[in-house]
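Engineer: Okay, here's the prediction I keep looking at, along with the sequence it came from:
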Amino acid sequence: MIGLIPGSISTDCDQALRNAISTVFPESPTLLCLWHANKNIQQHCKGKFTSVEAYNDFFQAWQGIVQSPNITEYQTRLLQFQTEYSDTLERQECATYVQNTWLKPDRAESIVQAWTNKHPHFGVTVTSRLVSISGLFQGYFRVISPIRAYLIPRLMISRVESSHALLKRYITSSQGDLFTVWLQIQQAVSSQIQNIKSDAANSRIKTPLHLNRAYYEACFGYITNTAIRLANSNYTGAARPLKPCTGVFTTTTGLPCAHIIDKIREDGDSLLPSHFHRHWYWDRYLDLVEPVLEPLRIVSYSASTLVELTVLDAFLQALRLQRLGNDDVAFVDSLATPGLVLGAQLICAMQELNSASLSIPRL
């Protein structure tokens, strides 16, 4: 959401709903649910192929069109698709159906990535929460196939049953009038909202332990833990060396891409809330002031101990040397902190200007 206007809205292909959205939210792009499109194509086309392998090739060609990164590539893949599936009447019917139903001018812009990647959809490309949850768990259990085969069907069933059971707890009778049912549904929704707020409050005060705090310190308490985990997972999972940045990941998800995080880590800085879209803020509609960070921590190693010093402590330690000669400047440089080097250079300049008047206080 951007203010009260959705950044994008995902729907199935119900034209009445699309017309209503264009009237109520004319500034919000409407995206088509890819899951519904895939199921629809399967229903209409799978039976026209003589083998499963032939249909799978057709389906992969359709997926390639949807995943076209730009308009030129889309036009090339569409032409190739039309040419390849025009050899028989049945295959031509399937290709024509896909083009006339899902790739006609007013719909292709809502499902092909060449257009949808220009809008913030935050990873929501399907309309069913059930489908999203199934995909999430399939990602977690992609290696452990027995667990996946056992858990995912039961997870999907239990999700539907729990939502149904929730409403049944509030709608206790089938004999009530419309106003009574509306009040009962309102109570169910209000209860869910309170539960969400409670869970959010508990999550907000927790710090993910598996993340390097130095890189995300400024985001804790401002950005949801889910967003921080997703950004970190994208960074750690990106193939090295990084390919040139296209900006698609940040545009569509509202998260800092691997290139942004890599640059921040090289500079020794922390990600800031401003690197995230407001969709991922705990308080989306408040004007937030960038947090004031604690002094950066630097580490110096000795033969037997590990000592952690703040920038201020290390600088004061340098002052204890009473003077900053070449050896002392080398010592400060060894701390590898730009702030210390600048401070050392400043004191050296002061010594040159008036070495007699410079007095180092006893610490």
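Structural biologist: Looks like it came in fine. Since the model is a prediction, treat every value here as computed from it, not as a measurement.
Engineer: Quick check: closest non-adjacent residue to G123.
Structural biologist: Once flanking residues are discounted, G123 sits nearest to T253: 5.6 Å by Cβ to Cβ, 6 or more residues apart in numbering. Every C-beta, even on glycine, is put in place using the N, C-alpha and C of the backbone.
Engineer: tell me the contacts of that neighbour?
Structural biologist: Neighbour list for T253: 120, 122-123, 230, 277 [criterion: Cβ atoms under 8 Å, 6 or more residues apart in numbering].
Engineer: Which strand or helix spans the closest residue to E73 other than its chain neighbours?
Structural biologist: Nearest residue to E73, sequence neighbours excluded (Cβ to Cβ, 6+ apart): A114, at 7.1 Å. For A114, the enclosing helix or strand under DSSP states H and E is helix 113-116.
Engineer: Could you give the number of residues near the nearest residue to Y222 once chain neighbours are set aside?
Structural biologist: Spatial nearest neighbour of Y222, excluding adjacent residues (Cβ to Cβ, 6+ apart): P273 at 4.4 Å. By the measure other Cβ atoms under 10 Å, the count of residues near P273 is 19.
Engineer: What of the one 5 residues further on?
Structural biologist: R278 is surrounded by 17 other residues when neighbours are defined as other Cβ under 10 Å.
Engineer: And it, how far from I21?
Structural biologist: 21 Å (Cβ to Cβ, to the nearest Å).
Engineer: now T250
Structural biologist: 25 Å.
Engineer: So for the two, which residue has more residues nearby?
Structural biologist: T250 (19 against 16).
Engineer: any idea of the mean pLDDT for the helix or strand harbouring that one?
Structural biologist: Assigning secondary structure by DSSP H and E places T250 in helix 248-253. Taken as a whole, helix 248-253 has a mean pLDDT of 92.
Engineer: can you check stretch 177-188 too?
Structural biologist: 87.
Engineer: What segments of the stretch 1-150 of the chain are strands?
Structural biologist: 9-11, 30-32 (DSSP state E, counting those that start in this stretch).
Engineer: Comparing the ones you listed by mean pLDDT, which bottoms out?
Structural biologist: strand 9-11 (a mean of 85).
Engineer: what lines up beside that strand in the sheet?
Structural biologist: strand 30-32 (parallel) (DSSP bridges).
Engineer: how many neighbours does W282 have?
Structural biologist: 17.
Engineer: Can you give me the pLDDT of it?
Structural biologist: On the pLDDT scale, W282 gets 88.
Engineer: quick one: it and A201 touch, right?
Structural biologist: No: using Cβ atoms under 8 Å, W282 is not in contact with A201, being 9.3 Å away.
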